[in-house]
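missing the sequence, but the structure's below:
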């Protein structure tokens with residue numbers, strides 16, 4: 001054990017030469033999801049933005065022809081009827097450089113039907129800047145000498161899966177066609193590649209009744225991918241999916257008039273149904289308990305009291321007694337609290353009560369566990385901007401904070417596990433924005449539980465993915481193997497649980513393999529399952545049924 005702290009130190013980021021960037025833009029401002037990741041990287045000393053190439057304002061912009069690709073009236077209606085307002089704030093590119101004056105070169109690109117070819121006079125200025133990368137935030141598809149002007153190529157984003165390319169706004173297609181989730185990919189382009197290479201990919205939530213929220217979430221994914229791409233390159237860790245090439249098939253042309261009308265009618269249908277449904281029904285979560293080898297349809301159900309739901313259950317045995325800790329949320333107050341119940345050997349409630357954690361905010365996901373004969377808890381308390389470790393002083397009612405494991409993050413659903421002499425903290429939180437709080441899976445490592453120096457894993461974030469980043473419970477072992485459960489939030493929040501086999505977990509590496517989905521399919525009324533916890537042979541989970549508001 002004495003050598004372990006030194007092992008962790010060896011993998012900390014070493015200061016290296018700054019990465020030199022040039023940016024291709026339409027104007028001298030950028031939206032937040034493109035500006036903030038670059039600004040953070042600049043402030044951290046990891047990159048320097050050396051030069052900007054701006055399209056001549058007199059030249060027809062690709063964006064100005066967006067209405068030829070998608071009927072703009074549809075997009076405006078989607079945005080107008082969304083509950084969330086569009087984020088239109090923009091930031092000056094001049095704030096990306098220390099003296100506040102970004103060198104700008106104006107380009108009048110040579111254009112054909114699809115491509116922009118940057119003129120030689122601009123190319124010469126870019127070559128003189130000795131760039132590592134160009135980042136494309138403007139212009140159309142690029143061709144010609146620009147492809148070789150930077151050492152490593154041109155980075156560009158596409159909203160959409162590279163196996164399902166769309167012309168124009170792929171986000172529009174994802175929303176209008178009601179994909180299970182939204183997708184954004186980061187591509188690397190240079191003259192040495194046969195097409196684009198995908199070097200980053202993220203999967204965001206898709207809300208069929210809220211176009212703006214869908215766009216905000218995906219913009220958050222975009223910001224995080226851009227930020228972490230340069231972090232991973234800085235420390236020598238390759239970006240995920242770096243060997244996948246873009247496919248050229250499955251290209252959708254611009255929607256025809258009848259298709260656009262169908263998209264609009266589908267949106268109004270979903271918007272109306274969702275609004276009406278939410279006004280009449282609550283998601284009513286309850287807890288089930290049984291054995292790991294037992295059919296879930298035979299589990300014992302613990303029903304919440306009227307006016308609230310019970311979710312996020314964690315089971316523990318203490319002094320030969322059985323307890324479940326869980327989130328109890330009162331519908332009227334809308335604030336989660338942690339409560340406990342004690343069960344007899346037949347899983348019937350014999351005692352219950354509230355939990356005093358000394359934290360006055362929304363609480364959930366009470367990850368409770370034993371270590372060295374003490375009982376600890378790591379609850380979700382995102383609004384405290386930290387991940388807290390608490391210890392029971394009067395179990396099960398009274399707890400006190402003993403350590404702040406990670407500071408400065410709004411984290412969702414955190415859990416620790418001891419593995420091969422080290423501690424690993426799994427959690428989800430955003431890097432650039434809280435919009436990805438439930439999408440980015442991070443790991444922190446430490447040589448002991450009660451430590452003030454938990455170090456972020458060099459592979460973080462392990463994924464940015466609504467399909468399987470956010471924990472659905474604590475990691476557990478079965479038959480000598482380590483498993484992780486995760487929430488699949490596609491289509492709806494808490495849709496089902498994804499089970500992963502953890503094949504490799506070290507201070508410098510992580511590998512997991514998808515095993516199967518745990519579906520809430522044993523009863524017609526149950527449509528959600530988002531927590532699955534294993535304690536020895538006992539399993540606790542939660543399920544949701546939509547019930548009329550006046551009945552719960």
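Received the coordinates, thanks. On a predicted model such as this, the values are computed, not experimentally measured, just so you know.

what distance separates the helix or strand containing residue 80 from the centre of its chain?
Assigned by DSSP states H and E, residue 80 falls within helix 72-81. Distance of helix 72-81 from its chain centroid, counting by Cα atoms, centre = their mean, to the nearest Å, is 26 Å.

Skip ahead from that helix and say which helix or strand is next.
strand 90-92.

Give me the sheet partners of that next one and which way each runs.
strand 29-31 (antiparallel) (DSSP bridges).

got the contact list for the helix holding residue 80?
Identification of contacts with helix 72-81 by Cβ atoms under 8 Å, 6 or more residues apart in numbering yields 66, 86, 169, 172, 175-176, 211-212, 260, 263-264, 267, 271. Any C-beta I mention is one placed from the backbone N, CA and C, and that applies to glycine too.

quick one: which of the residues you listed is nearest to residue 436?
For the contacts of helix 72-81, the residue nearest residue 436 by Cβ to Cβ is residue 212; the value is 16.2 Å.

The closest one touches residue 88, doesn't it?
No: applying Cβ atoms under 8 Å as the test, residue 212 and residue 88 come out as separate, 10.6 Å apart.

Quick check on the two: which one has the bigger neighbour count.
For residue 212 versus residue 88, the count of surrounding residues by other Cβ atoms under 10 Å is larger for residue 212: 18 against 7.

and the more buried one, helix, strand or coil?
Secondary structure for residue 212, judged by DSSP: H, G, I helix; E, B strand; the rest coil, is helix.

Tell me who's in contact with it.
By Cβ under 8 Å, 6+ apart, the neighbours of residue 212 are 79, 82, 83, 84, 85, 86.

measure the closest residue to residue 522 other than its chain neighbours to residue 529 for me?
Distance criterion Cβ to Cβ, 6 or more residues apart in numbering; nearest residue to residue 522, sequence neighbours excluded, is residue 297 at 3.9 Å. Residue 297 is 12 Å from residue 529, where distance means Cβ to Cβ, to the nearest Å.

Show the end-to-end separation of stretch 74-87, please.
From its first residue to its last, stretch 74-87 covers 18 Å (Cα to Cα, to the nearest Å).

do the same with stretch 403-414
14 Å.

Ok, stretch 202-222 next?
8 Å.

So what's the model's average confidence on that stretch?
For stretch 202-222, the mean per-residue pLDDT is 92.

Kindly report the same for stretch 42-52.
Mean predicted confidence for stretch 42-52 is 95.

so what pLDDT did residue 234 get?
So residue 234 comes in at 45 (pLDDT).

Repeat that for the one 10 residues further on.
We have a pLDDT of 40 for residue 244.

Using the centroid of this protein, identify the residue furthest from it.
residue 121 (41.6 Å; Cα atoms, centre = their mean).

Spell out the secondary structure type for residue 126.
With three-state DSSP as the criterion, residue 126 reads helix.

Which SSE is immediately downstream of the helix or strand containing residue 314?
Here residue 314 sits within strand 308-318, counting by DSSP H and E. Next along the chain after strand 308-318, taking DSSP H and E as the criterion, comes strand 321-330.

and the residue minimising distance to the centre of the chain, what is it in contact with?
Most central in the chain under Cα atoms, centre = their mean is residue 439, positioned 1.4 Å from the mean C-alpha point. Listed by Cβ under 8 Å, 6+ apart, the contact partners of residue 439 are 202-205, 217, 220-221, 224, 428, 430, 464-466, 469-470.

go with 7 Å
Residues in contact with residue 439 (Cβ atoms under 7 Å, 6 or more residues apart in numbering) are 204, 221, 428, 464, 465, 466, 469.

what residue ranges in the chain score low on pLDDT?
Counting by pLDDT under 70, the chain shows low-confidence ranges at 1-16, 59-71, 162-169, 193-195, 233-254.

try it again with 50
Applying pLDDT under 50 to the chain flags residues 1-15, 62-64, 66-67, 234-250.

Tell me which stretches of it form helices.
Along the chain, the stretches classed as helices by DSSP state H are 4-9, 32-43, 66-69, 72-81, 120-128, 170-176, 211-234, 257-280.

Residue 95: which of those is closest?
Of the helices of the chain, nearest to residue 95 by Cβ to Cβ is helix 32-43, at 6.8 Å.

closest to residue 58 among the contacts of residue 439?
Nearest to residue 58 among those, with distances taken as Cβ to Cβ, is residue 221, at 34.2 Å.

which one is the closest one nearest to, not counting chain neighbours?
Per Cβ to Cβ, 6+ apart, closest to residue 221 is residue 202, 3.8 Å.

I'd say that neighbour and residue 464 touch.
Yes: if you go by Cβ atoms under 7 Å, residue 202 and residue 464 touch, sitting 3.7 Å apart.

which one of these two has more residues nearby?
Taking other Cβ under 10 Å, residue 202 and residue 464 do not tie; residue 202 has more neighbours (29 against 26).

so who does the more buried one touch?
184, 221, 224, 225, 464, 465.

If we use 8 Å, what do you get?
183, 184, 221, 222, 224, 225, 439, 464, 465.

what is in contact with residue 202 and residue 464 at once?
With Cβ under 8 Å, 6+ apart, residue 202 and residue 464 have common neighbours 221, 224, 225, 439.

What sits closest to the third one if chain neighbours are left out?
In space, residue 225 comes closest to residue 200 once its chain neighbours are excluded; the distance is 4.2 Å by Cβ to Cβ, 6+ apart.

which residues are contacting stretch 46-58?
By Cβ under 8 Å, 6+ apart, stretch 46-58 touches 18-28, 38, 41-42, 61, 93, 96-97, 102-109, 118, 122, 125-126, 129, 131, 138-139, 230-231, 234.

One more pass at 6 Å, please.
18-26, 41, 93, 96, 102-108, 129, 138, 230, 234 (Cβ atoms under 6 Å, 6 or more residues apart in numbering).

Contacts only, for residue 431.
Residue 431 touches 224, 227, counting by Cβ under 6 Å, 6+ apart.

again, 8 Å this time
Residue 431 neighbours (Cβ under 8 Å, 6+ apart): 223, 224, 227, 228, 440, 461.

buried ones in stretch 264-271?
264, 267, 271 (16 or more other Cβ atoms under 10 Å).

next one: stretch 118-135
Taking 16+ other Cβ under 10 Å as the criterion, stretch 118-135 shows 118, 122, 123, 126, 129, 131, 132, 133, 134, 135 as buried.
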